[in-house]
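Visitor: The following block contains a protein sequence and its predicted model.
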Amino acid sequence: MSFLSLVGVELKKIKRSKIMLILLTATIILWLPSIFNADMNFGMQAEGISPENNFLIQGFLGMAWFMFPASMVVGTVLLSQTERSNNGIFKMLALPINTAKLCMAKFVVLLTLAASQILMTVGIYFISAAIVTQIQSYDFILSPLFVLKEAGLIYLFSIPMIAFFWVLSICIRTPIFSIGAGLAFIVPSVLMINTKIWFAYPMCYPFYVITSEYGKLATNLSTAQIDLIPWLPIAVVVVIICLAVSCFRFGQAERR
Amino acid sequence: MSVFLECKKIKRTGFIPTFLSGGLLAAAIPVLNMAVRSENYVGLSDTPLQILLDANWQMMAMLNVLLIVAGACLMYHTEYADNAIQKMRTLPLKESQMFFGKVILLSAMFVVVLVIEATSLAFCSFHWFEVYNDFWLETGKTLGYSLLLTLPSVILSMLISSACKNMWVSLGIGVVCVFTATMVPVKNFILSIFPFAMPFQIFGGTDAERTLQFIYVALIEIVVIGIAELLFIKVRRSFE
Amino acid sequence: MNIIETNNLTKTYADFTAVSGINLHIPKGTVYGFLGPNGAGKSTTMKMFLGLTQPTNGSFTIDGKKYPQNRVDILKEIGSFIEAPAFYGNLSGEENLEIVRKILGLPKSSVTEALELVGLTQHKKRLAKKYSLGMKQRLGLASALIGRPPILMLDEPTNGLDPVGIHEIRTLIRSLPEKFDCTVLVSSHLLSEIELMADNIGILNHGHLIFEGMLDILKQNIAAQGYPTDNLEDTFLALIDADNKQRGVVR
């Protein structure tokens, strides 16, 4: 069975799981306060950022700090529970599929969920920017290319984090431990981005990248920029280790 | 009696260790913060407890609320996972009894978490600040206030979990609620009465009238959400 | 005296009728066999008795008590075992029963007794999620039998058991009215099985009650209509087939 069709199967499994609805609700709630407080975007002279850029960045900051990582924790719960609740995992393990492949297919589904939430965020951004443009009679809509670039950056930087959550949910079999650990790992990222060793903490990557983008757009702010060394090698190693461990551990408890 | 039963049901689910480690983690925040940059705080004019809370409570409260959401999800997950809830419904027992048993147990665990956090705050006060007379009174008031203001989120997250058969749905809704709460400005009264935002309030530094208002709102919310659950159980029963 | 009576009991879902206006009469102190093919409405009827699902129409009384006014009182008298096993996976068999015991307010010894009755005593310390299908089934039965309730509702209690286990459970059910002075409502899709346990039977097909009464009378009836009676399965199949034809159902 080809990897792609396996991913298709995995996507089918989360049909009717309401996960898209949850992700969408989260993104809508993300932008609502931005719409209500749109006038605050005009008072950013101290930071030196234009209102339309500020509108985008503030929303993305909210997403990258808590909403997006927490949604991914929910996604891992979804993926592990759909298999376990009716022992579907036994059926899967009894079929002639390589378990590592199965594990990777599930990870791709998780990445798909991540991508769809980011795209939803972008979509709702344009809707809310259009609304605010009407209300404030000031053009808040940024070029789609620029918005997609920022969203793409968050997505790329979040892959190590997602891999980490994924390995957590596979290695920790007790659901509350993996949920608790996942959520607890998110909270300190707000501290970690202010330290020199931020690159050692995958959960803060998306938040860090968007903070540094903020710094670039705000002329008076001097937030840290991203040095590819040592971040990139570390990020790659994190992803490789996490995926290797998860593929190795996947289904092991069931086959004991 | 139902609380006792609920204690039995959470055996081997990791519920208690999670709350203990969550409490320890939250307790570690002020200690670490003081250890790393005590110079930022020692000179301030407030009482030590107030300084510590101002500096750390937002994160501690967030961990607390996340802990509550996760705990509530788990408690109903054990009911739904192997269909035990069906057995419970065929026993001469009101579903609401089970619900309130769970609420009480979760609140009790939260008290444990608060005590752990209080210990850490006390340690920080004694270690980095001068000891003063009213410390214990102030701590007691603060924690009592936090407990009361957190109860609405306890009962609401339990309502959410009781409504959702799948754990990710209740967790997802809980996470969205917590996220909404983190975006609420602490000083805005109307928005702060959202049950999940109330635990972020601090007793000190708020004027007496406001605190009283929050206490009333918390009590009203507890009653309203409790009634909502009772109605929900009735409605669901007639639809199944 | 009838301990359970239904009056035109009906359950309709959006697009089909699971139970259609049935009138059951279950005498006290007997084993009543509830017979029908899969999807005939046996489980739905039992679920309505337990308040797990609401009747769309009609009513029933159990031991003179009406639903939904006396829901909790009714449940106090019924020990039940419905469809898929329902239990807490994180608890052992014994702990699961302990919870049921506490809710019912029974003495401690009742757990041991129930475990003994279904033959789970040596596995009582094992986690319920690690049980085999047969053991889960036995655990379900134990949680129904615990405390000797005056009414027992058992939905296909021998599913998933081995031949020895099936025989054991059948014998147990047969002996219950005498031993515990109770009424048993047991469902099955095998007429041969019901014959070994029940005094009275009710046959359901597509939600309709097509026969109710003593087994001997059923045999006389169908012999009179020219159906085979030497093999019970054939009898049952012929009966269902005739009913299907009459209703014009295509399976």
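Guide: Sure thing, it's come through. Residues are numbered from 1 along each chain as shown, chains lettered A, B, ... in the order given.
Visitor: any idea which element B:V176 lies in?
Guide: B:V176 is part of helix B:167-183, with elements assigned from DSSP states H and E.
Visitor: Mind checking the pLDDT average for the very next helix or strand once past that helix?
Guide: Scanning forward in sequence from helix B:167-183 by DSSP H and E, the next helix or strand is helix B:189-192. For helix B:189-192, mean pLDDT is 87.
Visitor: from the middle of its chain, how far away would the next helix or strand after helix B:189-192 be?
Guide: Downstream of helix B:189-192, the first helix or strand assigned by DSSP H and E is helix B:208-239. Relative to the mean C-alpha coordinate of its chain, helix B:208-239 is positioned 15 Å out (C-alpha atoms, centre = their mean, to the nearest Å).
Visitor: Assign a three-state SS to the spatially most central residue of chain B, would you?
Guide: Nearest residue to the geometric centre of chain B (C-alpha atoms, centre = their mean): B:T150, 4.5 Å. For B:T150, the assignment made with DSSP: H, G, I helix; E, B strand; the rest coil gives helix.
Visitor: ok, which stretches of the stretch 51-200 of chain A are helices?
Guide: Here the stretch 51-200 of chain A has its helices, by DSSP state H, counting those that start in this stretch, at A:51-62, A:68-85, A:88-94, A:99-136, A:144-171, A:175-186, A:189-192.
Visitor: so where is the chain shaky, pLDDT-wise?
Guide: Just going to use chain A. A:1, A:86, A:255-256 (pLDDT under 70).
Visitor: Please refer instead to chain B.
Guide: In chain B (pLDDT under 70), the answer is B:1.
Visitor: Spell out which parts of it neighbour chain A.
Guide: B:13-15, B:17-18, B:21-22, B:25, B:59, B:62-63, B:66-67, B:70-71, B:73-74, B:77, B:81, B:166-169, B:171-173, B:175-176, B:178-180, B:182-183 (C-beta under 8 Å from any C-beta of the partner chain). Heads up, the C-betas are built off the backbone N, CA and C, glycines and all.
Visitor: again, 7 Å this time
Guide: Along chain B, the residues adjacent to chain A under the rule C-beta under 7 Å from any C-beta of the partner chain are B:13-15, B:18, B:22, B:25, B:59, B:62-63, B:66, B:70, B:74, B:77, B:81, B:166-169, B:171-173, B:175-176, B:179-180, B:182-183.
Visitor: hmm, stretch B:104-119 touching chain C?
Guide: No: judged by C-beta under 7 Å from any C-beta, stretch B:104-119 makes no contact with chain C; its nearest approach is 14.2 Å.
Visitor: ok now that stretch, how far from the chain's centre?
Guide: 8 Å.
Visitor: In space, what's closest to residue 9 - neighbours in sequence excluded?
Guide: All of this is about chain A. Spatial nearest neighbour of A:V9, chain neighbours left out: A:A105 (7.4 Å); criterion: C-beta to C-beta, 6 or more residues apart in numbering or on different chains.
Visitor: try chain C instead
Guide: Spatial nearest neighbour of C:L9, excluding adjacent residues (C-beta to C-beta, 6+ apart): C:G58 at 4.0 Å.
Visitor: tell me the secondary structure for the one you found?
Guide: With three-state DSSP as the criterion, C:G58 reads strand.
Visitor: That one: what's it in contact with?
Guide: Counting by C-beta atoms under 7 Å, 6 or more residues apart in numbering or on different chains, C:G58 makes contact with C:6-10, C:21.
Visitor: Helices of chain C, start to end?
Guide: Assigned by DSSP state H, the helices in chain C fall at C:42-49, C:71-77, C:93-104, C:109-118, C:133-145, C:163-180, C:191-197, C:215-224, C:232-247.
Visitor: closest one to A:V7 among those?
Guide: Judged by C-beta to C-beta, the one of the helices of chain C that comes nearest to A:V7 is helix C:133-145, at 32.4 Å.
Visitor: List of residues touching that closest one?
Guide: B:87, C:79-81, C:85-87, C:93, C:96-97, C:100, C:114-115, C:117-120, C:123, C:128, C:131, C:152, C:154, C:157, C:159-162, C:165, C:169.
Visitor: if you set the cut-off to 6 Å instead, what comes out?
Guide: C:79-81, C:85, C:87, C:93, C:97, C:100, C:114-115, C:117-118, C:120, C:152, C:157, C:160-161, C:165 (C-beta atoms under 6 Å, 6 or more residues apart in numbering or on different chains).
Visitor: how about that helix: buried residues?
Guide: C:134-145 (16 or more other C-beta atoms under 10 Å in any protein chain shown).
Visitor: Mind picking the one among these that's closest to chain A?
Guide: Nearest to chain A among the buried residues of helix C:133-145, counting by C-beta to the nearest C-beta, is C:K136 at 12.1 Å.
Visitor: for the stretch 151-251 of chain C, which spans come out with low pLDDT?
Guide: Looking at the stretch 151-251 of chain C by pLDDT under 70, you get C:249-251.
Visitor: residue contacts, the residue in it that chain B sits nearest to?
Guide: Residue of the stretch 151-251 of chain C nearest chain B, by C-beta to the nearest C-beta: C:M153 (8.5 Å). Counting by C-beta under 6 Å, 6+ apart, C:M153 touches C:46, C:78, C:80, C:185.
Visitor: okay, now the last one: neighbour count?
Guide: Other residues near C:L185 come to 26 when the count uses other C-beta atoms under 10 Å in any protein chain shown.
Visitor: Pull the contacting residues for it.
Guide: Contacts of C:L185 by C-beta under 6 Å, 6+ apart are C:32, C:153.
Visitor: Test of understanding: give the bridge partners of it.
Guide: Assessed by DSSP bridges, C:L185 has beta-bridge partners C:Y32, C:M153.
Visitor: again with the third one
Guide: Under DSSP bridges, the beta-bridge partners of C:S80 are C:M153.
Visitor: How confident was the prediction at it?
Guide: 89.
Visitor: ok, now which ones touch it?
Guide: B:90, C:50, C:144, C:153.
Visitor: For the first one, give its distance to B:E79.
Guide: Distance, B:T90 to B:E79, by C-beta to C-beta, to the nearest Å: 13 Å.
Visitor: between these two, which one's more packed in?
Guide: Each of B:T90 and B:E79 has its neighbours counted (other C-beta under 10 Å); B:T90 has more, 25 against 21.
Visitor: ok, the more buried one touching C:L50?
Guide: Yes: when contacts are counted by C-beta atoms under 6 Å, B:T90 is listed as touching C:L50 (4.7 Å).
Visitor: For the stretch 51-200 of chain C, which residues are neighbours of chain B?
Guide: C:52-54, C:72, C:75-76, C:80, C:84, C:86-90, C:99, C:102-103 (C-beta under 6 Å from any C-beta of the partner chain).
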